[in-house]
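1. Could you work out the structure for the sequence below:
(4 chains)
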Number of protein chains: 4
Amino acid sequence: MNKNRLEAFSDGVIAIIITIMVLELKVPHGEDFATLAPLWPVFLCYVLSFAYVAIYWNNHHHMLHTLHKVNGPILWANLHLLFWLSLFPFTTGWVGENHFAPGPTALYGVVLLMAAVAYYILQSLIIESQGEDSLLKRALKGDWKGKLSPALYLLAICAAFVSQWLSLAIYASVAVI
Amino acid sequence: MNKNRLEAFSDGVIAIIITIMVLELKVPHGEDFATLAPLWPVFLCYVLSFAYVAIYWNNHHHMLHTLHKVNGPILWANLHLLFWLSLFPFTTGWVGENHFAPGPTALYGVVLLMAAVAYYILQSLIIESQGEDSLLKRALKGDWKGKLSPALYLLAICAAFVSQWLSLAIYASVAVI
Amino acid sequence: MNKNRLEAFSDGVIAIIITIMVLELKVPHGEDFATLAPLWPVFLCYVLSFAYVAIYWNNHHHMLHTLHKVNGPILWANLHLLFWLSLFPFTTGWVGENHFAPGPTALYGVVLLMAAVAYYILQSLIIESQGEDSLLKRALKGDWKGKLSPALYLLAICAAFVSQWLSLAIYASVAVI
Amino acid sequence: MNKNRLEAFSDGVIAIIITIMVLELKVPHGEDFATLAPLWPVFLCYVLSFAYVAIYWNNHHHMLHTLHKVNGPILWANLHLLFWLSLFPFTTGWVGENHFAPGPTALYGVVLLMAAVAYYILQSLIIESQGEDSLLKRALKGDWKGKLSPALYLLAICAAFVSQWLSLAIYASVAVI
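-> Numbers count the residues shown, from 1 in each chain, chains lettered A, B, ... in the order given. Next up, the predicted model:
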């Protein structure tokens, strides 16, 4: 399996995910700006998800940069990551339609967490495939962000049931980091 | 016809198919987790279809790896395969919406079977184009999986009318193999 | 403007057009095969449009193969062709939903005709840009198919108001040629 | 970050945006040409947006042509531009559905303006990264179009509340320029 084709396929899927999310911004029936008002949570959530998918695309690129040979487990770990990313449009739509209600906000975090776990698995498999002198391993030395973010997602999922604004603030902070 | 363009176009179509399937997971109206409950068959079916499309993408890549020159019949056999793959979102949506009712479950198998047949035709045309020393032919020697899966799909289509769970179990087993 | 990027962009747009057409095949509410019955015109029309888009992709590739340098008019003529192709999902959906009623069947032909005209304009501009020794011009020598098809589309558009089946037969024949 | 991957990803997103806009042209329920009548504003707006996205794709290509190395700010400025472009299908749909009512027509201009601003930011960052001898800077010398268009968008946004036809005429003029 050629690395370039894996990269091109992943890019294609990510480009489609980031674009079809906008279809959740349903065109309102009415011509006043007032009819746009109920859409602002969807819009806010779209901005957040757009940023997340963009970050994944960016990081994914850097990670694959160090990769030389694609093996079976790496291929499937990559598809596993794409699977969780493909659920972003769904959770974005659900959060937006329910104005950041606790349930949808928590589920949004669950999908973020699973994507982070999938990313971590892919990372570990690439490091493993590179052996002792892993370029990626060295690049990640002292990378506390990667380890912190799953913990923060977990915190945000729980926080969603107390205050969804706290939860959202955590999601946004992780993206900024 | 250049092999790379055929590959890039197929990858593009497959990337879109795998991603638009998620649009069948309609955002529920309601903020409770309970409103997600009717979605689990769609989700389960989405996971299965995602795995199938990913397997086809992977196998398709390996098959094209051995190809040197694209001729007319290979081009059309490839488009024929993409046609059946493009029906996956439809059958996935129908099975999911009807909670694995016998009819949709059987139709799901019919499309899987047709995609397998289309794949077989493409494979045969590539082998034929490679002549005596076909690299692909040698690679497939002793490949009992390719021959077994159509038979299993047929079995699963019939099984759908007896027990859809048996049918689903067969579909999942073929994917795992 | 690089030829490869023009080709890659066109391929991307065509891959998306061919795939989103399947979204017009709406998942029926009901689990019987009988609920599929009203869908057969949409399906038939989807097959026809899939074949047409595939033919355009194929011909487009061959035409661009002879091209060396992309200039402004060629770029815009190419976008003009993509514009008409992008209307295929709409006309396919309208014909299918109205079971080949005369109006939609005629409009389907109008879009086919406009795409053929756009293709012809692109072809002429490429020939012009190649000067006297145009490779494409020589390749097209004696190509009566390209000249016949617009006439047949016109005939089919008129035929739609007499008998839509005659009209459809003409569309299918042009695709086979 | 490799320039080719940035270009390929941007092309993918732009190809999807230009194509999913057609989904706003909803298939009418009815077989008469009369049922198409309410669609003409959507169609007109689709043509305008198609032209705008095509122009952005074209200009984006020329701008990236002069770029050698992608840095962080350029990467994010590019994603910022793609974000505003991704809102085109939404505003196109809203304008079309409300027959060029003042509110939607103004919002259409706001998104156009934001995309122009995002484009300008990206341009400035690329010029900055190229230093003194910026190829792009020299290419843009005397480019009054780039500076005029934001002013015209602003004018058109205000004009929308007086006469939406004036507003539309300005949008169309900017595209033609």
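2. can we go C-alpha only for contacts and neighbour counts from here?
-> Noted.
3. Let me know whether whichever helix in chain A runs longest sits next to chain B.
-> Selection of the longest helix in chain A by residue count, based on DSSP state H, yields helix A:102-130. Yes: Helix A:102-130 lies within reach of chain B by C-alpha under 8 Å from any C-alpha of the partner chain, at A:102-104.
4. and these as TSV, adding neighbour count and pLDDT?
-> Shown next, in TSV, are those (neighbours: other C-alpha atoms under 10 Å in any protein chain shown; pLDDT from 0 to 100):
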residue	neighbour count	pLDDT
A:Pro102	24	83
A:Gly103	20	84
A:Pro104	27	87
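5. okay if I get those as CSV plus distance to C:His80?
-> Shown next, in CSV, are the residues of helix A:102-130 next to chain B (distance: C-alpha to C-alpha, whole Å):
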residue, distance to C:His80
A:Pro102, 48
A:Gly103, 46
A:Pro104, 43
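6. For chain A, what lies in contact range of chain B?
-> So far as C-alpha under 8 Å from any C-alpha goes, chain A lies against chain B at A:1, A:9, A:12-13, A:16-17, A:79, A:83, A:86-87, A:90-91, A:93-94, A:97-98, A:101-104.
7. From those residues, keep the buried residues only.
-> Among the residues of chain A next to chain B, those scoring as buried are A:9, A:12-13, A:16-17, A:79, A:83, A:86-87, A:90-91, A:93-94, A:97-98, A:101-104 (criterion: 16 or more other C-alpha atoms under 10 Å in any protein chain shown).
8. residues of the helix or strand of chain A with the lowest mean pLDDT that come out buried?
-> For chain A, using mean pLDDT, DSSP states H and E, the weakest element among its helices and strands is helix A:135-140, scoring a mean of 70. Buried positions in helix A:135-140, judged by neighbour count with 16+ other C-alpha under 10 Å: A:135-137.
9. Would you mind pulling up the elements that the following helix or strand past it packs against?
-> Next along the chain after helix A:135-140, taking DSSP states H and E as the criterion, comes helix A:144-159. Other helices and strands packing on helix A:144-159, by 3 or more C-alpha pairs under 8 Å, 6 or more residues apart in numbering or on different chains; DSSP states H and E, are helix A:102-130, helix A:164-176.
10. and the nearest residue to A:Leu152 once chain neighbours are set aside, what pLDDT?
-> In space, and not counting its chain neighbours, A:Leu152 is closest to A:Ile170: 6.9 Å by C-alpha to C-alpha, 6 or more residues apart in numbering or on different chains. Looking at A:Ile170, its pLDDT reads 79.
11. Distance check, A:Ile157 against A:Gln164.
-> According to C-alpha to C-alpha, to the nearest Å, A:Ile157 and A:Gln164 sit 9 Å apart.
12. Next: A:Ile74.
-> Here the criterion is C-alpha to C-alpha. By it, A:Ile74 lies 36 Å from A:Gln164.
13. Looking only at neighbour counts, state which of the two leads.
-> A:Gln164 (22 against 19; other C-alpha atoms under 10 Å in any protein chain shown).
14. my read: that one touches A:Pro102, true?
-> Yes: using C-alpha atoms under 8 Å, A:Gln164 makes contact with A:Pro102 at a distance of 5.8 Å.
15. In contact with A:Ser134, which residues?
-> A:127-128 (C-alpha atoms under 8 Å, 6 or more residues apart in numbering or on different chains).
16. roughly how far is stretch A:99-116 from the heart of the chain?
-> How far stretch A:99-116 lies from its chain's middle: 11 Å, per C-alpha atoms, centre = their mean, to the nearest Å.
17. what's the answer for stretch A:148-168, then?
-> 15 Å.
18. So which residues make contact with that stretch?
-> A:100-103, A:105-107, A:109-110, A:112-113, A:116-117, A:170-171, A:174.
19. between these, which has the most around it?
-> Ranked by neighbours (other C-alpha under 10 Å), those are led by A:Thr105, which has 30 neighbours.
20. Tell me how far that residue lies from C:Pro102.
-> For A:Thr105, the distance to C:Pro102 (C-alpha to C-alpha) stands at 49 Å.
21. Can you pull out the low-pLDDT segments for chain A?
-> Scanning chain A for pLDDT under 70 picks out A:1, A:140-146.
22. Just the CA coordinates for the least confident helix or strand of chain A, please, in PDB.
-> What follows is helix A:135-140 as a C-alpha-only set of coordinates in PDB (Å, rounded to 0.1, in the frame of the first residue of the first chain):
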ATOM      1  CA  LEU A 135      11.200   9.800  14.000                       C
ATOM      2  CA  LEU A 136       7.600  10.300  15.200                       C
ATOM      3  CA  LYS A 137       8.500   9.200  18.800                       C
ATOM      4  CA  ARG A 138      11.200  11.800  19.000                       C
ATOM      5  CA  ALA A 139       8.900  14.400  17.500                       C
ATOM      6  CA  LEU A 140       6.300  13.600  20.200                       C
END
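23. Could you name the helices and strands sitting against it?
-> helix A:102-130.
24. just the angle between the helix it packs on and helix A:164-176, please?
-> 20 degrees (axes from the mean of the first three to the mean of the last three C-alpha atoms, to 10 degrees).
25. orientation of helix A:102-130 relative to helix A:144-159 in degrees?
-> Put simply, helix A:102-130 runs at 160 degrees to helix A:144-159, going by the same axes, to 10 degrees.
26. Centre of the chain to helix A:102-130, how far?
-> For helix A:102-130, the distance to the chain centre is 8 Å (C-alpha atoms, centre = their mean).
27. how about stretch A:53-67: buried residues?
-> A:53-54, A:56-58, A:60-61, A:63-64, A:66-67.
28. For those residues, give me a markdown table that also has distance to chain C and secondary structure.
-> Formatted as a markdown table, the buried residues of stretch A:53-67 follow (distance: C-alpha to the nearest C-alpha, whole Å; DSSP: H, G, I helix; E, B strand; the rest coil):
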| residue | distance to chain C | secondary structure |
| --- | --- | --- |
| A:Val53 | 20 | helix |
| A:Ala54 | 20 | helix |
| A:Tyr56 | 22 | helix |
| A:Trp57 | 19 | helix |
| A:Asn58 | 21 | helix |
| A:His60 | 22 | helix |
| A:His61 | 20 | helix |
| A:Met63 | 25 | helix |
| A:Leu64 | 22 | helix |
| A:Thr66 | 26 | coil |
| A:Leu67 | 25 | coil |
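29. so which of the residues you listed would you say is closest to D:His29?
-> Minimum distance to D:His29 across the buried residues of stretch A:53-67 is 36.7 Å, recorded for A:Val53 (C-alpha to C-alpha).
30. ok, now which ones touch the closest residue to that closest one other than its chain neighbours?
-> Of all residues not flanking A:Val53 in the chain, A:Ile18 sits nearest, at 6.4 Å (C-alpha to C-alpha, 6+ apart). Residues in contact with A:Ile18 (C-alpha under 8 Å, 6+ apart) are A:50, A:53-54, D:13.
31. cool, A:Trp57 as well?
-> A:Trp57 sits in contact with A:11, A:14, where contact means C-alpha under 8 Å, 6+ apart.
32. distance of it from chain B?
-> 15 Å (C-alpha to the nearest C-alpha, to the nearest Å).
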